[in-house]
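1. got a structure for you, letters missing:
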């Protein structure tokens, strides 16, 4: 949420304090959220919900793959290739980060 309060420069240069805060906040948020599927998987296995645990582990693996592609997409060596779809990889990364949390939330709502 911190990164959303501060804007980044259009050309992605880090010139202002706001763009620095945005960059640091984005990195910390992405890294923290990247491990959410793994945490959900561990909790699911502990509770005996093997299906949810496997689903969360698959989401974690896809999350790591898409995050790697997201980071690679910004590099000069990959410009003009199918890997250069930075926005697509970012959205897919977030999707796989949030899917296990959505499953956990839905399961809790159904139980109540």
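-> Happy to help now that I have it. The shown structure was predicted, so the numbers you read here are calculated from the model rather than taken from an experiment.
2. Need the pLDDT of residue 101.
-> Predicted confidence (pLDDT) at residue 101: the value is 93.
3. Which other helices and strands does whichever helix or strand residue 18 is part of contact?
-> Using DSSP states H and E, residue 18 falls within helix 17-34. With contacts defined as 3 or more C-beta pairs under 8 Å, 6 or more residues apart in numbering; DSSP states H and E, the packing partners of helix 17-34 are helix 2-5, helix 50-73, helix 86-111. C-beta coordinates here come from the backbone N, C-alpha and C atoms, glycine included.
4. Quick one: name whatever helix or strand follows it.
-> By DSSP H and E, the next helix or strand past helix 17-34 is helix 36-46.
5. buried ones in that next one?
-> 36, 37, 38, 40, 41, 44 (16 or more other C-beta atoms under 10 Å).
6. Can you tell me which of these comes closest to residue 103?
-> Lowest distance from residue 103 to those (C-beta to C-beta) belongs to residue 40, with 7.5 Å.
7. Hmm, residue 52 and that closest one touching each other?
-> Yes - using C-beta atoms under 8 Å, residue 40 makes contact with residue 52 at a distance of 7.5 Å.
8. Present the buried residues of helix 36-46 as CSV; the columns should include distance to residue 77.
-> Converted to CSV, the buried residues of helix 36-46 look like this (distance: C-beta to C-beta, whole Å):
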residue, distance to residue 77
36, 30
37, 29
38, 29
40, 34
41, 33
44, 38
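9. Closest one to residue 83 out of these, please.
-> Each of the buried residues of helix 36-46 was checked against residue 83 using C-beta to C-beta; the closest is residue 37, at 22.7 Å.
10. Might you report the residue contacts of the closest residue to that closest one other than its chain neighbours?
-> Excluding the flanking residues, the one nearest residue 37 by C-beta to C-beta, 6 or more residues apart in numbering is residue 60, at 3.8 Å. Taking C-beta atoms under 8 Å, 6 or more residues apart in numbering, we find residue 60 in contact with 35, 37, 38, 41, 96, 100.
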